[in-house]
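Peer 1: give me the fold of what follows.
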Amino acid sequence: MLRRLNETDAVRHPDLLVGVGERDDAGVYRLADDLALVQTVDFFTPIVDEAHDWGRIAAANALSDVYAMGGRPLTALSIVGWPRDALPFDLLGDVLEGGAAVLEEAGCTLVGGHSVDDPEPKYGLAVTGLVDPARMLTSAGAHPGDALVLTKPIGTGVVTTAIKHERAKPEWRDAAVASMTALNGPAAAAALAAGAHAATDVTGFGLLGHLHEMLGGGGVGARVAAAAVPLLPGARQLATDGVAPGGTVRNLTAAARYTDFGSADEPVRVLLADAQTSGGLLIATPPEAAAALLGSVPGAAQIGEVVADPGERIALAG
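Peer 2: Here you go, the predicted model:
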C-alpha cells in the first residue's frame with residue numbers, strides 16, 4: 001500500500017523534510033530555514049472505562065508524536081466516531097472535556113474537529129506543531145556508543161487488556177492511567193538539552209519495534225538490559241498470567257526476526273514487545289549526557305546502548 005503511495009508526486013516536495021517515506025513519528029514541512037510544521041494524527045477506541053480518562057489518554061498520545069520530533073504543539077483538531085443511538089452525547093462531552101484538559105496543559109489550542117456516526121466509539125486528535133529544522137529530533141541518527149534512555153515504564157497494553165477483562169487491580173489501573181496521561185514535553189526538552197542524536201515515542205509497535213525503527217538504515221544495533229527496563233505495577237504478573245492484547249502478540253512475532261532474546265523468559269519477551277499507548281520517549285543520547293538527561297526526567301532509565309551492527313539487530317541481556 002505505502003509503496004503505491006510513494007510512487008505519487010503527492011508525497012514529494014523539496015520542503016518536505018520528513019514524510020511517508022521515512023519511518024518516523026510525524027511529518028515535517030519546512031516553512032523557512034528556521035521554522036517547520038510538525039503534523040500528526042492519532043485516534044483509537046476506548047482503552048479504559050472512564051470517558052474523561054480516555055479523552056486525556058488519547059490527547060496525550062496524539063501530542064506525543066510532536067514531542068518525539070522535538071516540536072512544540074500549536075493547534076489540534078478533534079476526530080470523533082460516535083454511536084449516536086447507543087451512547088449518550090453527555091458521555092462524549094466527558095471525552096472531549098478530558099482531551100481539552102490535556103491540550104490546555106500542553107498549551108495547545110483546539111481549533112475544531114469532525115465527527116461521524118460510528119457503531120464503535122473513537123476519539124483522537126490531528127495535531128500541528130512547530131520545530132526548528134536544525135534542532136529537530138528524528139528516529140534516525142543513533143550513533144554507536146549512544147546511551148538508550150526510556151522515559152516511561154512499559155506495560156500499558158497488558159494492563160489495559162486486563163482492565164477490559166476486569167483483571168486489573170485498581171492501583172494497577174491508576175498507575176497506567178497516570179503514565180499514559182503524562183505529557184512527553186519535559187522529556188523532549190531534556191533530550192534536546194542533552195544533544196540527543198535520535199528519539200521516538202514508544203507506542204503500538206512496542207519497545208522492541210520502535211527501537212528497531214531507530215536502527216533502520218543506520219548500520220547500528222542495540223544491546224538492551226532487560227532488567228533495567230521499567231515496568232508498570234502489575235505488568236509482570238499479568239504477562240506471566242498470559243494477559244496480552246493481539247497487537248502485542250503480533251509485535252512479538254515480528255521482533256523475533258531481529259532480536260536475540262538470550263535467556264529472557266516469556267513474560268519479559270511479551271512486555272518488551274507490548275503494544276503501548278502514550279508511552280515514553282526512547283532517546284539515543286551521547287553517553288556523557290545520559291546522567292543529566294536521567295536527572296531531568298523523573299522515572300527515566302538507561303536501558304542499554306547503541307552498537308555498531310550492519311545487521312541492525314537487538315540483543316537482550318539480563
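Peer 1: which residues in the stretch 51-200 of the chain form helices?
Peer 2: Ranges of helices in the stretch 51-200 of the chain, per DSSP state H, counting those that start in this stretch, are 51-68, 89-106, 156-164, 170-181, 185-193.
Peer 1: show me the contacts for the nearest residue to A275 once chain neighbours are set aside.
Peer 2: Spatial nearest neighbour of A275, chain neighbours left out: G247 (3.5 Å); criterion: Cβ to Cβ, 6 or more residues apart in numbering. Using the backbone N, CA and C atoms, a C-beta is placed for each residue, glycine as well. G247 sits next to G157, G204, A275 when contact means Cβ atoms under 8 Å, 6 or more residues apart in numbering.
Peer 1: so which strand or helix has G247?
Peer 2: helix 246-255 (DSSP states H and E).
Peer 1: immediately after that helix, which helix or strand?
Peer 2: Using DSSP H and E, the helix or strand that follows helix 246-255 towards the C-terminus is strand 259-260.
Peer 1: so what are the sheet partners of that following strand and their directions?
Peer 2: strand 314-317 (parallel) (DSSP bridges).
Peer 1: just the C-alpha atoms of the strand it pairs with, please, in PDB.
Peer 2: Provided in PDB are the C-alpha atoms of strand 314-317 (Å, rounded to 0.1, in the frame of the first residue of the first chain):
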ATOM      1  CA  ILE A 314      18.800  -6.100  19.100                       C
ATOM      2  CA  ALA A 315      20.500  -8.300  21.700                       C
ATOM      3  CA  LEU A 316      19.000  -8.700  25.200                       C
ATOM      4  CA  ALA A 317      21.000  -9.200  28.300                       C
END
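Peer 1: hmm, who's touching it?
Peer 2: 208, 211-212, 215, 221-226, 255, 258-262, 264, 268, 272.
Peer 1: burial of G216, as a residue count?
Peer 2: Neighbourhood size, G216 [other Cβ atoms under 10 Å]: 15.
Peer 1: if we can go back for a sec, now the contacts of strand 314-317: which count as buried?
Peer 2: Buried by 16 or more other Cβ atoms under 10 Å: 208, 211-212, 215, 221-224, 226, 255, 258-259, 261, 264, 268, 272, out of those.
Peer 1: related to what we said a few turns ago, so of the contacts of strand 314-317, which ones are in helices?
Peer 2: Members of the contacts of strand 314-317 lying in helices (criterion: DSSP state H): L208, L211, H212, L215, A255, V268, L272.
Peer 1: could those go into CSV alongside pLDDT?
Peer 2: Output for the ones in helices among the contacts of strand 314-317, formatted as CSV (pLDDT from 0 to 100):
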residue, pLDDT
L208, 98
L211, 98
H212, 97
L215, 94
A255, 98
V268, 98
L272, 98
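Peer 1: taking those residues, tell me the two that lie furthest apart.
Peer 2: The span of the ones in helices among the contacts of strand 314-317, defined through Cβ to Cβ, is set by L215 and V268 at 20.1 Å.
Peer 1: I figured E171 hits P233, correct?
Peer 2: Yes - E171 is within contact range of P233, at 6.3 Å (criterion: Cβ atoms under 8 Å).
Peer 1: when the two are compared, which one has more neighbours?
Peer 2: P233 (18 against 10).
Peer 1: now do the same contact list for the more buried one.
Peer 2: Taking Cβ under 8 Å, 6+ apart, one finds E171, W172, A175 in contact with P233.
Peer 1: helix, strand or coil for it?
Peer 2: Judged by DSSP: H, G, I helix; E, B strand; the rest coil, the three-state class of P233 is coil.
Peer 1: quick check, pLDDT for it.
Peer 2: For P233, the pLDDT comes out at 98.
Peer 1: just E22 next, same as before
Peer 2: 81.
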